[in-house]
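**Student:** Need a 3D model of the following:
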Amino acid sequence: MFNEKMRVYFDNAATTPLSEEVLEAMLPYLRGNYGNPSSIHADGRKARTAIEDARKTVAQHLNASIGEIFFTSGGTESNNMALKCAVRDLGVQRIISSRLEHHCVLHTLETLEKAEQVKVSFVNIDDKGRIDLEHLTALLKEDASKTLVSLMYANNEIGTLLDIQKVADLCQEHQALFHSDTVQAVGHFPIDVQATGFSFLAGSAHKFHGPKGTGFVYINGDNIIKPYVDGGSQERNMRAGTENVAGITGLAKAFDLSCTNMQERHDYIDGLRTYFIGQLKENFPDIVFNGDYDGQYLHKILSVSFPPSPKNELIIFNLDIAGISVSGGSACSSGVESGSHVMAALQPDDLSKTVRFSFSHYNTKEEIDFVMEKLKKVLG
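**Tutor:** Take a look at the predicted model:
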């Protein structure tokens, strides 16, 4: 029998719980070690050392230079910084992207285009959310102006993965810059910035069991850009503002744990996901799994469409009442339950109700069984 007061969190693509090891790493900088990293006294030097140690940790796991890692407030700022500075400082006149990108990319592109600073082209996608590489090649060939390609590594709603190496190779072949929103992928897949050839990529601590409000941007050393935030000389004059020492320390600890335990966590989470797929197929034969769910996928995400039905209309609300946290897509709409722009792009006329289940290594098979029982009651 299940504990009816049980609460199951299957919304790890939105944010992840802070791990105890990360909290322990952060506590000294929330309590006693409160020096300003820009101060030259002992307390300031201690805080500065923590930041530089964190930078070294992130750089080592990405095979980057420490001078290519800049700490930010998260993925949104990192992506904005990369795109806007590439246009402002690197002479980018055209950006190729997709309609499935996170809103922090899509809305940035809208802003740049409205200001007539850049031309935006969208690459074709198939019904699983995969990029049409032939169309991307054609787009790269058709215009000789300086181009940046911005495509996310792992889609945050349906989990489809980008063939990151092929895209990077195409960009190199056509002398285009390559930016990737890797917020859902870092800490979950190995990334070697030198081997792949990124120009920019973004990470956010709260997607891999670190604190909210802290992230980083990788900027290839060949791309010389000006400060994104003006003020003091923090982050080597690239981002003014007193650094979030506790958050940066937590980010580095979480990233180190994620990278060190990557294969073990991958296998465990993928096992839970596979078990859940089997249970869903057995109990709900009319459902559809979205994205490249059994091909090249992000193991922590499973997007499921339930056929149109009066009982499905409030499925996310009713699951919440039943003790289960899930979402319909991205969690970046100020708490508003709205239609997914990703599903609208893939299936514009579909009236099905989409639920995104997303997992972490803290979830269990027992929780999946609990969710299945509740789903049967909600939809029965």
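**Student:** all strands for this structure, in order.
**Tutor:** For the chain, the strands defined by DSSP state E cover 8-9, 69-72, 94-97, 119-122, 147-150, 177-181, 200-204, 215-219, 288-289, 301-306, 324-325, 353-358.
**Student:** Show the average pLDDT along stretch 216-223.
**Tutor:** In this model, stretch 216-223 has a mean pLDDT of 96.
**Student:** Highest mean neighbour count across the strands of the chain, which stretch is it?
**Tutor:** Compared across these, strand 200-204 shows the largest average neighbour count, a mean of 29 (mean count of other C-beta atoms under 10 Å). C-beta coordinates here come from the backbone N, C-alpha and C atoms, glycine included.
**Student:** Extract the C-alpha trace of it and format it as CSV.
**Tutor:** What follows is strand 200-204, C-alpha atoms only, in CSV (Å, rounded to 0.1, in the frame of the first residue of the first chain):
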residue,chain,number,x,y,z
PHE,A,200,29.4,29.7,-26.7
LEU,A,201,27.5,27.4,-24.4
ALA,A,202,25.4,27.9,-21.3
GLY,A,203,24.8,26.1,-18.0
SER,A,204,22.6,26.6,-15.0
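**Student:** That one pairs with which strands, and in what direction?
**Tutor:** strand 177-181 (parallel), strand 215-219 (antiparallel) (DSSP bridges).
**Student:** contact partners of it?
**Tutor:** 58, 74-75, 78-79, 82, 86, 153, 177-183, 186-187, 191, 193, 214-220, 223, 255 (C-beta atoms under 8 Å, 6 or more residues apart in numbering).
**Student:** pull the CA atoms of stretch 235-252 into CSV?
**Tutor:** Provided in CSV are the C-alpha atoms of stretch 235-252 (Å, rounded to 0.1, in the frame of the first residue of the first chain):
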residue,chain,number,x,y,z
GLU,A,235,34.5,38.3,-13.9
ARG,A,236,37.6,39.7,-15.6
ASN,A,237,35.6,42.9,-16.6
MET,A,238,33.0,40.8,-18.4
ARG,A,239,30.1,40.9,-15.8
ALA,A,240,30.0,43.6,-13.2
GLY,A,241,28.4,42.9,-9.8
THR,A,242,29.5,41.3,-6.6
GLU,A,243,29.8,37.6,-7.1
ASN,A,244,27.4,35.1,-5.5
VAL,A,245,30.2,33.2,-3.8
ALA,A,246,28.0,30.6,-2.1
GLY,A,247,26.0,30.0,-5.3
ILE,A,248,29.2,29.7,-7.4
THR,A,249,30.7,27.3,-4.9
GLY,A,250,27.5,25.2,-4.9
LEU,A,251,27.4,25.2,-8.7
ALA,A,252,31.0,23.8,-8.9
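**Student:** Number the residues from 22 up from this point.
**Tutor:** Got it, the first residue is 22 from now on, which makes the last one we talked about stretch 256-273.
**Student:** What residues sit buried inside that stretch?
**Tutor:** Using 16 or more other C-beta atoms under 10 Å as the test for burial, stretch 256-273 gives 256, 259-260, 264-273.
**Student:** got the buried residues for the lowest-mean-pLDDT helix or strand in the chain?
**Tutor:** For the chain, using mean pLDDT, DSSP states H and E, the weakest element among its helices and strands is helix 362-367, scoring a mean of 86. By neighbour count on 16+ other C-beta under 10 Å, the buried set for helix 362-367 is 362, 363, 364, 367.
**Student:** What's the local residue count around residue 213?
**Tutor:** Residue 213: 13 surrounding residues under other C-beta atoms under 10 Å.
**Student:** Quick one: end-to-end distance for stretch 162-180.
**Tutor:** 29 Å (C-alpha to C-alpha, to the nearest Å).
**Student:** buried ones in that stretch?
**Tutor:** Neighbour count says stretch 162-180 has 167-180 buried, by 16+ other C-beta under 10 Å.
**Student:** ditto for stretch 184-194
**Tutor:** For stretch 184-194, burial by neighbour count (16+ other C-beta under 10 Å) applies to 185, 188, 189, 191, 192.
**Student:** surely the second one meets residue 173?
**Tutor:** Going back to what we said before, that points to residue 188. No: the pair formed by residue 188 and residue 173 falls short of the contact definition of C-beta atoms under 8 Å, at 10.6 Å.
**Student:** in the protein, what spans have low per-residue confidence?
**Tutor:** Within the chain, the segments meeting pLDDT under 70 span 22-25, 350-360.
**Student:** domain ranges for it?
**Tutor:** Using automatic domain parsing, the domain parsing of the chain gives 29-39+283-400, 41-281.
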